[in-house]
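S.K.: My questions are about this predicted structure, shown below with the sequence.
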Amino acid sequence: MNEMNTSYSYELNADDSCRITAYQGDAVMLTIPTELDGHKVIDIGIYAFANCVHLKHVIIPEGVVTIFINAFYNCPELETIQLPDTIENNVNSSVRGCPKFKGYKVSDTHEMFELKDGVLFNKEVAHLVDYPAAMEHAEYTAPEGIVEVMRGAFAEHKYLQKVVLPEGIVKIGDGAFRGCEALREVVLPSTLEIIGGQAFAGCTALETIHIPAATVEIGQNAFSSCWSLQDITVDAESSHFCDTDGALYTKDMKKLLRYPVDGLTGYAFPEGVEVIGTGAFSGCDTLTEVRLPQSLKVIEGSAFAHCSMLDGVEIPEGVEAIAPATFFGCTNLAEISLPMSVKTIGQQAFWYCFSMMQIEVAENCKIDDTAFGGEVEVLEGLGMNCIPEIIRK
């Protein structure tokens, strides 16, 4: 049930309390009310205070227990948020797109949270929750005693160049360092077990990464858009991963997870590789040639996205699908040989493949309506349609 107050929109919960869903106002310093029209405020909803361009300081009242993801999104002047003692969730990723954010404020007696040098920690479960966007330090060494870096904890930070994570940390959450464009080096502890999806995506200055032996899981696109990544190494004692020629593989060498963007012009896969992982070569803009193994079975989405110099690919028999965005942005791709085993071509698989004049596919191959082409406005501006002749065999 949606309701409207003079400055707030809200919805009622089953217990007659309410969740703020939107704010209409231009306050610079704002104390959120404890009640709206007699309904106790207990939640701050997704995007509730998004795009509040004047907002600098916020006090969240006692009684609020949850602040949802992106509750304070794109508030360009936001500097501080005072958290109540009643808060029950980790509030990570609640503040995004706020470059002047200096951090949360909490009471000295807060049971869940504590501040260490301006960084927010959940002391109950030993999590690093939020490293404020406006901190200008070039290096940061996290304190001993934490076990997890939460989702989005360092995301979009523009000053950090080096981060040292202490022994004892077992997990880096999804997108934890996403978009940290100045980050060149991260020292990972030997205790690290999980690297979340997109954990370092968009860390365009990151040059090297060393995967500890304890790591058992690396999420999708963990190192996507790391344009400066030159080398990925894995501890020799790892039972789950290995490195070969700087590339990251599963230990059995059946799946290539990521190849660093290091200026290579050609790559020949060893036989035995069955899967090319999501975004494995994404952004390798000097790559002109790949030789795929006959053992290959699966090419995952965006595997060769934005390989703008790649001019030809021969897909081996046995591959059954061209996944969404596999060759997105391969503007120089002129020739591609698809085997009769390919039964589907997914969404945007060949978007902006300007050099492809024709493609041969099996008679029964299902081609998504958006497999070829691009954004209409972009193509019109270039005077191109980017649709090859499709020949069915």
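M.R.: Thanks, I have the structure now. Numbers count the residues shown, from 1 in each chain.

S.K.: C-alpha only now, for contacts and for neighbours.
M.R.: Will do.

S.K.: how would you label the residue nearest to T331 when sequence neighbours are not counted: helix, strand or coil?
M.R.: The shortest distance from T331 to any residue other than its chain neighbours is 4.5 Å, reached at C353 (C-alpha to C-alpha, 6 or more residues apart in numbering). Classification of C353 using DSSP: H, G, I helix; E, B strand; the rest coil returns coil.

S.K.: What is the burial count for C353?
M.R.: Per other C-alpha atoms under 10 Å, the neighbour tally for C353 reads 24.

S.K.: just D15 next, same as before
M.R.: A count of nearby residues for D15, using other C-alpha under 10 Å, gives 8.

S.K.: what's the spacing between it and T86?
M.R.: D15 is 17 Å from T86, where distance means C-alpha to C-alpha, to the nearest Å.

S.K.: Over to V234?
M.R.: Applying C-alpha to C-alpha, the value for V234 to T86 is 43 Å.

S.K.: Comparing the two, which shows the higher neighbour count?
M.R.: Ranked by neighbour count (other C-alpha under 10 Å), V234 and T86 place V234 first, with 22 against 16.

S.K.: Quick check: that one touching D243?
M.R.: Yes: contact criterion C-alpha atoms under 8 Å: V234 and D243 qualify, at 5.7 Å.

S.K.: Under the pLDDT cut-off, which ranges of the stretch 1-150 of the chain? List them.
M.R.: Scanning the stretch 1-150 of the chain with the threshold set as pLDDT under 70 gives 1-6.

S.K.: what is the mean pLDDT for stretch 321-328?
M.R.: Here stretch 321-328 scores 97 as its mean pLDDT.

S.K.: so how far is that stretch from its chain's centroid?
M.R.: 19 Å (C-alpha atoms, centre = their mean, to the nearest Å).

S.K.: export that stretch as CSV, just CAs?
M.R.: Output of stretch 321-328 as CSV, limited to C-alpha atoms (Å, rounded to 0.1, in the frame of the first residue of the first chain):
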residue,chain,number,x,y,z
ALA,A,321,25.8,-22.1,-28.3
ILE,A,322,27.2,-18.6,-28.9
ALA,A,323,26.3,-17.0,-25.6
PRO,A,324,25.0,-13.4,-25.2
ALA,A,325,27.6,-10.7,-25.9
THR,A,326,30.3,-13.3,-26.8
PHE,A,327,31.8,-11.1,-29.6
PHE,A,328,30.2,-7.8,-28.6
